[in-house]
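Peer 1: Provide a 3D model corresponding to the input given below.
(one chain, ligands or ions: 2)
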Amino acid sequence: MESKTVMIAGGAGFLGSHLCKYYTDRGVRVICVDNLSTGRLKNVTALMDSGAFRFCQHDVTRMFDPGEPVGFIYNMASPASPPRYQKDPIATFETNVIGSENLLKLAESLGARILQSSTSEVYGDPDISPQAESYTGNVQTMGPRACYDEGKRAAETLFYEFHHLRGVDTRVARIFNTYGPNMDPDDGRVVSNFITQALRGEPLTVYGRGQQTRSFCYVDDMVAALVSLMHAEGDLSMPVNLGNPEEFTVLELAHKVLEETRSTSSLSFQDLPKHDPTQRRPEISRARTVLGWVPHVPLREGLQRTIPYFAAELTRNAAAAE
Ligand code: NAD
Ligand code: UDP
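Peer 2: Ligands and ions are numbered 1, 2, ... in the order given. Below you'll find the model as predicted:
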């Protein structure tokens, strides 16, 4: 089964590119499908030489025909950074809903297993902590985050119905904040913003008083979890939280980034974006029980592995601008 072709929609993005590398490194054929809206070809160019890798520029809101058998489909196609998914909210919603439906139909026609990259955002601004899969959320149909949150919630419903009504073998990963190499330095998420600001000696932009919390998972832990969820046998159609339960305030993150980069940057407190969730922490006992998975990389170590990547990106970008 593991020798079957793997299709990764959104494969040129941050998480998708790590999945592409994971499989090509193991000699598994990969089809990467991406419209390059927030992803970058450079994330996968090193894989192009491998005879096992094929890139197709395509928007998942239109049906895709791989033209060959596929055993496993990852749906990673969606902007994930708030400024980016809010830039074109209707496109974000359509990507998540129409894109998911198209990929589910493809999985059905190919007899492929399909995994959805859902999100902790399905819990909205949670009024319980930690958040378990049974929590139904404190969510809004309107507002700046709704295009993403509601798009992901509707996509989960599609996954649920394609499994129950049509027997498609589905998996739903509720991913909590994940960071690491291959993030776009300009994509506006907190880890990429803080590290690039610290490396440039610019003030770190802390939104609000920085008392909101997030739980940050290093990308290698997340890839291990996603692969494990994809290849575990049995009916695993129920959602599974994936993330690192260590919880930090945004202010604590800022100080850790300053320490690890040895930066003397100041902090610049800015307005808190509307509907910014106040806390987020995964309850991961389902992942531990069903997959035997727990994250291993603490935040400090993950930052140490991530900072050299951003330093190299900034050097490359500066050289290109000259
Ligand atoms: P990313 O923006 O780096 O990658 C998303 C990829 O999808 C990009 O390559 C983009 O070009 C592609 N894409 C977007 N719309 C598309 C479309 N209509 N057709 C084809 N390709 C399209 O984001 P990421 O952090 O790698 O996130 C990947 C997935 O994981 C997303 O679905 C996101 O919602 C989910 N997720 C990520 C996190 C996280 O912390 N990284 C947390 C929760 C959920
Ligand atoms: N944030 C911040 N400064 C930034 C970017 C983000 O303080 O430059 C905060 C943001 O308000 C949120 C948290 O960091 O509370 C995580 O933001 P991110 O955009 O990474 O993802 P989110 O979890 O909000 O989807």
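Peer 1: what ranges do the strands span in the chain?
Peer 2: 6-9, 30-34, 53-57, 72-75, 113-119, 170-175, 178-179, 204-207, 213-215, 217-218, 239-242, 247-249, 267-270 (DSSP state E).
Peer 1: Make JSON lines out of these and add mean neighbour count and distance to ligand 1.
Peer 2: Backbone N, C-alpha and C define where each C-beta goes, glycine included. Compiled in JSON lines, the strands of the chain are given as follows (neighbours: other C-beta atoms under 10 Å; distance: least, C-beta to the nearest ligand atom, whole Å):
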{"stretch": "strand 6-9", "mean neighbour count": "28", "distance to ligand 1": "6"}
{"stretch": "strand 30-34", "mean neighbour count": "27", "distance to ligand 1": "4"}
{"stretch": "strand 53-57", "mean neighbour count": "17", "distance to ligand 1": "9"}
{"stretch": "strand 72-75", "mean neighbour count": "28", "distance to ligand 1": "7"}
{"stretch": "strand 113-119", "mean neighbour count": "25", "distance to ligand 1": "3"}
{"stretch": "strand 170-175", "mean neighbour count": "25", "distance to ligand 1": "4"}
{"stretch": "strand 178-179", "mean neighbour count": "26", "distance to ligand 1": "4"}
{"stretch": "strand 204-207", "mean neighbour count": "20", "distance to ligand 1": "17"}
{"stretch": "strand 213-215", "mean neighbour count": "22", "distance to ligand 1": "9"}
{"stretch": "strand 217-218", "mean neighbour count": "24", "distance to ligand 1": "8"}
{"stretch": "strand 239-242", "mean neighbour count": "24", "distance to ligand 1": "9"}
{"stretch": "strand 247-249", "mean neighbour count": "16", "distance to ligand 1": "14"}
{"stretch": "strand 267-270", "mean neighbour count": "14", "distance to ligand 1": "21"}
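Peer 1: can you map out the helices along this protein?
Peer 2: Under the criterion DSSP state H, the chain contains helices at 14-25, 82-85, 89-110, 146-166, 190-200, 219-231, 250-261, 285-291, 299-321.
Peer 1: and the helix or strand bottoming out on mean pLDDT in the chain, what does it pack onto?
Peer 2: In the chain, no helix or strand scores lower on mean pLDDT, DSSP states H and E than helix 299-321, which sits at a mean of 95. For helix 299-321, the packing partners by 3 or more C-beta pairs under 8 Å, 6 or more residues apart in numbering; DSSP states H and E come out as helix 190-200, strand 217-218, helix 250-261.
Peer 1: Now do the buried residues in it.
Peer 2: Buried positions in helix 299-321, judged by neighbour count with 16 or more other C-beta atoms under 10 Å: 299, 302-303, 306-307, 310, 313.
Peer 1: tell me how far that helix is from the chain's mean position?
Peer 2: 19 Å (C-alpha atoms, centre = their mean, to the nearest Å).
Peer 1: C-alpha coordinates for that helix, PDB please?
Peer 2: These are the backbone C-alpha positions of helix 299-321, laid out as PDB (Å, rounded to 0.1, in the frame of the first residue of the first chain):
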ATOM      1  CA  LEU A 299       9.600  25.200  21.400                       C
ATOM      2  CA  ARG A 300      13.100  26.300  22.200                       C
ATOM      3  CA  GLU A 301      14.700  23.400  20.200                       C
ATOM      4  CA  GLY A 302      12.200  24.000  17.300                       C
ATOM      5  CA  LEU A 303      13.100  27.700  17.200                       C
ATOM      6  CA  GLN A 304      16.800  26.700  17.200                       C
ATOM      7  CA  ARG A 305      16.200  24.500  14.100                       C
ATOM      8  CA  THR A 306      14.000  27.200  12.400                       C
ATOM      9  CA  ILE A 307      16.100  30.300  12.900                       C
ATOM     10  CA  PRO A 308      19.000  29.300  10.500                       C
ATOM     11  CA  TYR A 309      16.400  28.700   7.800                       C
ATOM     12  CA  PHE A 310      15.000  32.200   8.100                       C
ATOM     13  CA  ALA A 311      18.500  33.700   8.300                       C
ATOM     14  CA  ALA A 312      19.400  32.000   5.000                       C
ATOM     15  CA  GLU A 313      16.200  33.200   3.400                       C
ATOM     16  CA  LEU A 314      16.800  36.800   4.400                       C
ATOM     17  CA  THR A 315      20.400  36.700   3.100                       C
ATOM     18  CA  ARG A 316      19.200  35.200  -0.200                       C
ATOM     19  CA  ASN A 317      16.400  37.800  -0.500                       C
ATOM     20  CA  ALA A 318      18.900  40.700   0.300                       C
ATOM     21  CA  ALA A 319      21.300  39.400  -2.300                       C
ATOM     22  CA  ALA A 320      18.500  39.100  -4.900                       C
ATOM     23  CA  ALA A 321      17.400  42.700  -4.300                       C
END
